[in-house]
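Asks: Could you work out the structure for the sequence below:
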Amino acid sequence: MERAFPNRTEAGRLLAGRLVKYAGRDDVIVLGLPRGGVPVAFEVAQRLGAPLDVFIVRKLGVPGFEELAAGAIASGGVRVLNEDVVRALPNAEETIESITARETAELERREQEYRDGRPAPELRDRIVILVDDGLATGATMRAAVKALRQSGAAKIVVAVPVGPPDTCHELEEQADETICLSMPEFFQAVGQYYEDFSQTSDEDVRELLARGAQQRAVSGEQEQE
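Replies: Numbers count the residues shown, from 1 in each chain. Model prediction:
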């Protein structure tokens, strides 16, 4: 094993060390992919003095073949479609709208639950640092990057502690900057590279987002709505 992180907190601190050039800038925001990416993102945001939020991606699974993605939706009302899959669907438009409605409801429920009523951040013209606890296939992260492109972000930085070389290199082509601290050649699963990979709960996500918001409010640098 190339590297084992003690836990997500320590992984986030190490990752932040590679992102210090973004510290103290008022156009930077750190977004964690729930749930496991949020503890990592929290440490990055703390080190950079940047606001922290979540970026939720929901797969649009084909009915009856849910593992087959017809696309994805993400925070901010953005939808990305896999046109090859969509073209093969019977009643494609109706089917996609139905799936989108269901997944949008779940996405909105999670955003409301995680943010506790705080408004979603404005991402247009900002440097967005997109953080997860690791990459496997990278499908969710790729969908997030595509969605952020549509949201008008000025620069998209993908930052993760660990991922297989091929996935990290693929994201290098899609994001403006990609940081993978560890790229083990014989990668099997993200959890292999953590001594403690216990599940992050919804309550953990809410608490970290609330702490981040409170600390910025206290410092007088609360993000503009």
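
Asks: any idea whether residue 128 is helix, strand or coil?
Replies: Of the three states, residue 128 takes strand under DSSP: H, G, I helix; E, B strand; the rest coil.

Asks: Bridge partners for it, pull those for me.
Replies: The partner list for residue 128 in beta bridges (DSSP bridges) reads residue 29, residue 156.

Asks: Isn't it up against residue 159?
Replies: No: Residue 128 lies out of contact with residue 159 (Cβ atoms under 8 Å); the separation is 10.5 Å. The C-beta positions use only the backbone N, C-alpha and C, and glycine is treated the same way.

Asks: Find the nearest non-adjacent residue to the residue positioned nearest the centre of the chain, please.
Replies: The C-alpha lying nearest the average C-alpha coordinate of the chain belongs to residue 33 (Cα atoms, centre = their mean; 2.9 Å). Of all residues not flanking residue 33 in the chain, residue 132 sits nearest, at 4.4 Å (Cβ to Cβ, 6 or more residues apart in numbering).

Asks: Helices of this structure, residue ranges please.
Replies: 8-16, 37-48, 83-87, 92-115, 139-151, 165-174, 202-218 (DSSP state H).

Asks: From the chain's centroid, how far away is stretch 182-196?
Replies: Here stretch 182-196 is found 19 Å from its chain centre; the criterion is Cα atoms, centre = their mean, to the nearest Å.

Asks: what about residue 160, neighbour count?
Replies: By other Cβ atoms under 10 Å, 28 other residues sit near residue 160.

Asks: what's near enough to touch it?
Replies: Contact analysis of residue 160 by Cβ atoms under 8 Å, 6 or more residues apart in numbering lists 15, 40, 131, 132, 133, 134, 135, 141, 168, 179, 180, 181.

Asks: hang on, the residue nearest to the centre of the chain packs against residue 142?
Replies: No: assessed by Cβ under 8 Å, residue 33 is found out of contact with residue 142, at 11.6 Å.

Asks: I'd like to know how far residue 96 sits from residue 60.
Replies: Counting by Cβ to Cβ, to the nearest Å, the gap from residue 96 to residue 60 is 7 Å.

Asks: Neighbour count for these two, which is higher?
Replies: Neighbours were counted for residue 96 and for residue 60 using other Cβ under 10 Å; residue 60 has more, 26 against 19.

Asks: In stretch 148-163, which residues are buried?
Replies: Buried residues in stretch 148-163, counting neighbours by 16 or more other Cβ atoms under 10 Å, are found at 148, 151, 153, 155, 156, 157, 158, 159, 160, 161, 162, 163.
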